[in-house]
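In: here's a sequence, model it:
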Amino acid sequence: MRIENYPHKTRIHCETGSIKNMIDFYSFSISEEMIFGIGSGYDFIHFPFPMFNKCETPLFRNIPGKIFLNFTKRMGIKKKIYKFSNPDKAMKALDAVLEKGIPVGLVVEILSLPFFPLKDRSFPAHTIVIVGKEKDEYIVSDCDYHFPIEELHLIKEEKLKEARYPKTLFSPKGKMFYLVDVSQIKNIKKAIRIAIKDTCHQMLGIPFPYFGAQGIRFLAKRMRKYEKIYGRERALDNLKWQLQTSEEAGTGGSGYRYMYATFLKEAAYYLQDDSLLPFADEMRKVADQWQFFAVEGRRYYKNQENKDMNFLADILVNIAEMEKKLFVDLRKWLYNK
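Out: Numbers count the residues shown, from 1 in each chain. From the prediction side, this is the model:
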């Protein structure tokens with residue numbers, strides 16, 4: 001059994017890309033960047049303790065699953081989201097929805113996916129879509145950009161169960177989600193405004209040093225101490241992982257900042273308000289600085305230069321100030337409308 005006419009395509013990011021493909025299946029047209037923006041995907045959180053791959057982890061986006069929740073709620077799209085304590089029940093529930101001809105999103109561990117090209121890192125929050133089943137194999141739509149050929153994959157039932165229930169600190173616990181009704185779409189203009197307000201709060205209004213623009217400054221402070229805290233080798237491991245999360249984790253480059261710049265440009269079109277366009281330009285400048293940080297970071301890591309990371313931390317401090325100013329100004333723009 002295979003769901004016909006599912007529009008599998010490679011996208012920028014696994015969660016927004018999966019949502020985009022699922023939305024396209026129901027003949028509703030919207031860009032992946034708009035899904036990201038309306039879902040308040042833009043964020044920054046730094047976890048100052050060994051997390052994924054035994055490294056401190058910066059998160060450049062909202063927590064996994066939140067984009068789908070925000071986007072569907074703000075757009076008036078009915079959906080179902082489930083988690084299961086029992087793996088067998090989780091697989092039966094998946095089969096039941098597939099039999100109705102409904103594509104099903106799953107959150108999984110990439111190391112358990114035999115077709116996934118990266119085998120050097122753990123990530124138990126990858127999004128895929130199941131679009132059918134043939135005997136003991138499921139048909140997988142993985143829109144990750146690592147797959148240049150737009151083809152579907154097969155995975156054995158036991159392997160998929162393993163991916164849904166990995167033995168990791170942050171297990172997805174069999175999480176699955178799917179769309180129920182997209183016929184009652186709400187006003188996209190209102191959704192955009194709510195989303196921008198929410199993102200401004202995420203970047204400016206959370207009173208903890210790990211979050212938002214101040215979280216970027218916090219990462220810079222930590223980076224200055226990495227060698228003292230971890231020693232030379234592990235300090236470099238942390239830097240490498242942080243570069244991977246910003247540039248290689250389906251972010252569209254620069255920790256989703258280019259994606260958000262495109263969202264702001266499209267938002268100006270939907271709102272018929274060109275005064276939003278300068279913010280899109282400023283966001284591209286922010287993205288360029290994150291790209292500069294990545295280039296300098298890779299050079300430092302590759303050459304194993306015998307100097308500290310202060311110059312990289314200085315770049316982050318500059319980025320933190322740029323992001324803070326941008327969202328302060330964007331919040332003012334919002335309140336003046």
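
In: rest of the way, CA atoms for contacts and neighbours
Out: Fine.

In: shouldn't residue 60 be in contact with residue 258?
Out: No. The pair residue 60 and residue 258 fails to qualify as a contact (C-alpha atoms under 8 Å) at a distance of 12.0 Å.

In: pull the residues that contact stretch 14-27.
Out: Where contact means C-alpha atoms under 8 Å, 6 or more residues apart in numbering, the residues beyond stretch 14-27 that reach it are 5-11, 29-33, 35-36, 64-65, 67-68, 103, 105, 126-129, 142-144, 179, 182, 250.

In: what ranges does the chain have for its strands?
Out: Ranges of strands in the chain, per DSSP state E, are 42-47, 57-61, 78-82, 104-108, 126-134, 137-141, 153-156, 176-181.

In: closest to residue 325 out of these?
Out: Nearest to residue 325 among the strands of the chain is strand 42-47; the distance by C-alpha to C-alpha comes to 14.9 Å.

In: just the C-alpha atoms of that closest one, please, in CSV.
Out: Provided in CSV are the C-alpha atoms of strand 42-47 (Å, rounded to 0.1, in the frame of the first residue of the first chain):
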residue,chain,number,x,y,z
TYR,A,42,13.5,31.5,14.6
ASP,A,43,15.2,31.3,18.0
PHE,A,44,18.5,30.9,19.9
ILE,A,45,19.1,28.8,22.9
HIS,A,46,22.5,27.6,24.2
PHE,A,47,22.7,24.6,26.4
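
In: any idea of the mean pLDDT for it?
Out: Average pLDDT, strand 42-47: 96.

In: what angle do that strand and strand 57-61 make?
Out: Counting by axes from the mean of the first three to the mean of the last three C-alpha atoms, to 10 degrees, strand 42-47 points 170 degrees away from the direction of strand 57-61.

In: hmm, who's touching strand 42-47?
Out: When contacts are defined by C-alpha under 8 Å, 6+ apart, strand 42-47 is touched by residues 36, 56-62, 199, 202-203, 210-213, 215-216, 218-219, 256-257, 260.

In: run the last query once more with 7 Å
Out: 56-62, 199, 202-203, 210-212, 215, 219, 256, 260 (C-alpha atoms under 7 Å, 6 or more residues apart in numbering).

In: if we can go back for a sec, which of the contacts of stretch 14-27 count as buried?
Out: Buried subset of the contacts of stretch 14-27 (neighbour count, 16 or more other C-alpha atoms under 10 Å): 6, 8-11, 31-33, 35-36, 64-65, 67-68, 103, 105, 126-129, 142-144, 179, 182, 250.

In: what segments of the stretch 101-250 of the chain are helices?
Out: Along the stretch 101-250 of the chain, the stretches classed as helices by DSSP state H, counting those that start in this stretch are 157-164, 188-204, 212-224, 226-230, 232-247.

In: residue 50 is nearest to which of those?
Out: helix 232-247 (9.0 Å).

In: so which elements touch the closest one?
Out: Using 3 or more C-alpha pairs under 7 Å, 6 or more residues apart in numbering; DSSP states H and E, the elements in contact with helix 232-247 are strand 57-61.

In: same thing but at 10 Å, please
Out: On a contact count with 3 or more C-alpha pairs under 10 Å, 6 or more residues apart in numbering; DSSP states H and E, helix 232-247 meets strand 57-61, helix 212-224, helix 226-230, helix 277-303.

In: so which of these is nearest residue 240?
Out: helix 277-303 (7.2 Å).

In: just the angle between the closest one and helix 232-247, please?
Out: 150 degrees.

In: now do helix 277-303, average pLDDT.
Out: pLDDT averaged over helix 277-303 gives 94.

In: in it, what's buried?
Out: Going by neighbour count (16+ other C-alpha under 10 Å), the buried part of helix 277-303 is 277, 279-280, 282-291, 293-294, 297-298, 300.

In: now do that helix: distance to the chain's middle.
Out: 18 Å (C-alpha atoms, centre = their mean, to the nearest Å).

In: what do you get for stretch 212-222?
Out: The answer for stretch 212-222 is 19 Å, by C-alpha atoms, centre = their mean.

In: CA atoms only: put that stretch into PDB for me.
Out: Taking Å, rounded to 0.1, in the frame of the first residue of the first chain, the C-alpha atoms of stretch 212-222 are listed here in PDB:
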ATOM      1  CA  GLY A 212      17.500  34.800  22.600                       C
ATOM      2  CA  ALA A 213      20.000  37.500  21.700                       C
ATOM      3  CA  GLN A 214      21.600  37.300  25.200                       C
ATOM      4  CA  GLY A 215      22.000  33.600  24.600                       C
ATOM      5  CA  ILE A 216      24.400  34.400  21.700                       C
ATOM      6  CA  ARG A 217      26.400  36.600  24.000                       C
ATOM      7  CA  PHE A 218      26.400  33.800  26.600                       C
ATOM      8  CA  LEU A 219      27.800  31.400  24.000                       C
ATOM      9  CA  ALA A 220      30.600  33.900  23.300                       C
ATOM     10  CA  LYS A 221      31.400  34.000  27.000                       C
ATOM     11  CA  ARG A 222      31.500  30.200  27.200                       C
END
